[in-house]
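J.: give me coordinates for this.
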Amino acid sequence: MHITIRMDDITPDMDFDKFERFKAILDKNGIRPLIGIVPDNKDSKLGIQTPREDFWEYVRNLQQNGWVIAMHGFNHVYKTDDPGVFPIGNKSEFAGLSYEKQDEMIREGKRLLKQRGIATDIFMAPSHSYDKNTLKALKKNGFYRITDGFGVRPYELDGMVFYPISISRSRSIASKKEGIVSFVYHINTMTDSDFKAFEKLFDKADVVSYEEFLHYGSEVRGIRDEAYEYIVAKSKYLAVKLKSNLSKR
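T.: The predicted model follows:
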């Protein structure tokens with residue numbers, strides 16, 4: 001199983017010390033990841049350091065050097081508790097809002113990125129939450145790829161190509177099957193032990209640059225596959241929630 005790296009919550013005011021630490025490990029292993037950039041961050045939880053003045057130039061240089069960029073929502077501010085069609089969470093910036101509102105947010109996000117010299121047709125939903133209106137608005141605004149879903153290869157559904165995330169990291173690492181998935185990282189909240197585990201990943205897994213994911217053969221899915229994925233995602237959410245509740249007792 002091939003493993004790719006996805007980095008969420010990339011903003012001018014993120015924890016750049018941790019970002020550079022993470023990047024150093026990637027560079028050492030010759031890996032270029034997918035990074036999700038928030039076009040206009042309004043989420044105070046993501047603001048860790050003073051905004052970096054050369055942020056957009058820095059990101060453009062990363063893209064020129066093979067890093068893949070996705071638009072990570074718009075403001076990264078959660079507006080509903082609708083889990084959407086991929087229910088591994090319980091909050092959303094998009095799911096549950098009208099098509100018109102989502103279209104406005106996505107259009108403005110793309111405009112801001114374009115204004116700063118960033119072009120992409122890949123979308124990364126905050127908390128993995130999106131609905132049918134999100135997909136419709138994305139396609140209208142020139143986004144045809146989304147980094148979410150479960151599976152072992154890209155798949156086509158609703159006129160979009162989905163690039164799956166891993167259900168279980170340990171199972172993905174141990175799998176001998178042919179396939180490819182993403183491991184998701186939120187560097188702002190990573191601890192020393194998380195960084196050590198990330199370094200060890202390259203000794204035990206077949207980690208490849210995200211660009212390989214974009215050229216991997218895709219499969220076509222139908223309504224039955226979509227329903228099954230919904231059930232798996234919901235089950236994972238409930239299992240994680242139960243484990244969290246038990247640990248608090």
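J.: contacts, neighbours, all on C-alpha from now
T.: Will do.
J.: any idea how far the lowest-mean-pLDDT helix or strand in the chain is from the chain center?
T.: Taking mean pLDDT, DSSP states H and E as the measure, the helix or strand of the chain with the lowest value is helix 223-247, at a mean of 83. What separates the centre of helix 223-247 from the centre of its chain is 18 Å, taken as Cα atoms, centre = their mean, to the nearest Å.
J.: got the buried residues for that helix?
T.: Buried residues in helix 223-247, counted by 16 or more other Cα atoms under 10 Å: E229, Y230, V232, A233, K234, K236.
J.: how close does the first one get to D17?
T.: Noted for E229: a distance of 37 Å to D17, by Cα to Cα, to the nearest Å.
J.: over to the second one?
T.: Between Y230 and D17 the computed distance is 37 Å (Cα to Cα).
J.: which residue is nearest the middle of this protein?
T.: Centroid-nearest residue in the chain, with Cα atoms, centre = their mean: M124, separated by 4.6 Å.
J.: tell me how many other residues crowd the nearest residue to that residue once chain neighbours are set aside.
T.: In this structure, M124 finds its nearest non-sequential neighbour in H72, 4.6 Å apart by Cα to Cα, 6 or more residues apart in numbering. A total of 28 residues lie near H72 under the criterion other Cα atoms under 10 Å.
J.: test my guess that H72 contacts I37.
T.: Yes. H72 is within contact range of I37, at 5.0 Å (criterion: Cα atoms under 8 Å).
J.: shared neighbours, these two?
T.: Common contact partners of H72 and I37 (Cα atoms under 8 Å, 6 or more residues apart in numbering): D8, D9.
J.: quick check: T134 vs R107, distance?
T.: Taken as Cα to Cα, the span from T134 to R107 is 11 Å.
J.: low-scoring stretches of the chain, by residue?
T.: Counting by pLDDT under 70, the chain shows low-confidence ranges at 243-249.
J.: which stretches in it count as helices?
T.: Here the chain has its helices, by DSSP state H, at 16-28, 55-64, 99-115, 132-140, 169-174, 192-204, 210-214, 223-247.
J.: quick one: closest of the ones you listed to T80.
T.: Nearest to T80, of all the helices of the chain, is helix 99-115, at 12.5 Å by Cα to Cα.
J.: pull out the buried positions in that closest one.
T.: Y99, Q102, D103, M105, I106, R107, E108, G109, K110, R111, L112, L113.
J.: and if you look at stretch 187-198?
T.: Across stretch 187-198, burial judged by 16+ other Cα under 10 Å covers I187, N188, F195.
J.: redo those residues as a markdown table? Include distance to E57.
T.: Listed next are those as a markdown table, based on distance: Cα to Cα, whole Å:
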| residue | distance to E57 |
| --- | --- |
| I187 | 20 |
| N188 | 21 |
| F195 | 26 |
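J.: wait, which of those is closest to P51?
T.: For the buried residues of stretch 187-198, the nearest to P51 is N188 (14.0 Å; Cα to Cα).
J.: that closest one touches K18, doesn't it?
T.: Yes. Applying Cα under 8 Å as the test, N188 and K18 come out as touching, 6.8 Å apart.
J.: shared neighbours of these two, which are they?
T.: With Cα under 8 Å, 6+ apart as the test, N188 and K18 reach no residue in common.
J.: packing partners for the longest strand out of those in the chain?
T.: With secondary structure taken from DSSP state E, the chain has its longest strand at strand 2-10. Counting contacts by 3 or more Cα pairs under 8 Å, 6 or more residues apart in numbering; DSSP states H and E, strand 2-10 packs against strand 34-37, strand 180-185, strand 206-207, helix 210-214.
J.: out of those, deepest packed?
T.: Ranked by average neighbour count under the criterion mean count of other Cα atoms under 10 Å, the helices and strands packed on strand 2-10 are headed by strand 34-37 at a mean of 25.
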